[in-house]
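[1] heads up, no residue letters with this:
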């Protein structure tokens, strides 16, 4: 899966992801089977992210910093995740 975002060309992303999902689903490992099902449900969104090069990582980082600032301002600690 990591290769999908790091090394696979966007034009080959659909085939790579479909192969990964099929291999994981047929692995016989329950955790991989469940993961394959979840990834398959979000297949279109994952492919769109790879092809368009879009990530929510920047927004998540800003959100985390915003929570930290708020916690410091109110004198509370950041909740555990």
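    Ah, there it is. As the structure is a computational prediction, the values presented were derived from the model and not from experiment.
[2] and the helices in the protein?
    Secondary structure of the chain, counting by DSSP state H: helices at 2-6, 13-25, 30-41, 43-52, 57-74.
[3] out of those, which is the most enclosed?
    Highest mean neighbour count of the helices of the chain: helix 13-25, a mean of 15 (counted as mean count of other Cβ atoms under 10 Å). From N, CA and C alone the C-beta is placed, and that goes for glycine too.
[4] other residues contacting the helix or strand of the chain with the lowest mean pLDDT?
    Scoring the helices and strands of the chain by mean pLDDT, DSSP states H and E places helix 2-6 at the bottom, with a mean of 81. Residues outside helix 2-6 that contact it (Cβ atoms under 8 Å, 6 or more residues apart in numbering): 13, 16-17, 20, 46, 50.
[5] of those, closest to residue 7?
    Among the contacts of helix 2-6, residue 16 lies closest to residue 7 (Cβ to Cβ), at 9.5 Å.
[6] the closest one is in contact with residue 8, isn't it?
    Yes. Between residue 16 and residue 8 a contact is recorded at 4.8 Å, counting by Cβ atoms under 8 Å.
[7] re the thing from before, could the contacts of helix 2-6 be laid out in JSON lines, adding pLDDT?
    Shown next, in JSON lines, are these (pLDDT from 0 to 100):
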{"residue": "13", "pLDDT": "91"}
{"residue": "16", "pLDDT": "93"}
{"residue": "17", "pLDDT": "95"}
{"residue": "20", "pLDDT": "94"}
{"residue": "46", "pLDDT": "90"}
{"residue": "50", "pLDDT": "88"}
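[8] could you dump those to TSV with distance to residue 40?
    Listed next are these as TSV, based on distance: Cβ to Cβ, whole Å:
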residue	distance to residue 40
13	14
16	14
17	9
20	10
46	10
50	15
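[9] tell me which two in those are the farthest apart.
    20 and 50, at 12.2 Å, using Cβ to Cβ across the contacts of helix 2-6.
[10] can you pull the poorly scored residue ranges out of the protein?
    76-81 (pLDDT under 70).
[11] residue closest to the middle of it?
    Nearest to the mean C-alpha position of the chain, by Cα atoms, centre = their mean, lies residue 46 at 7.7 Å.
[12] excluding its backbone neighbours, what's nearest that residue?
    residue 17 (6.4 Å; Cβ to Cβ, 6 or more residues apart in numbering).
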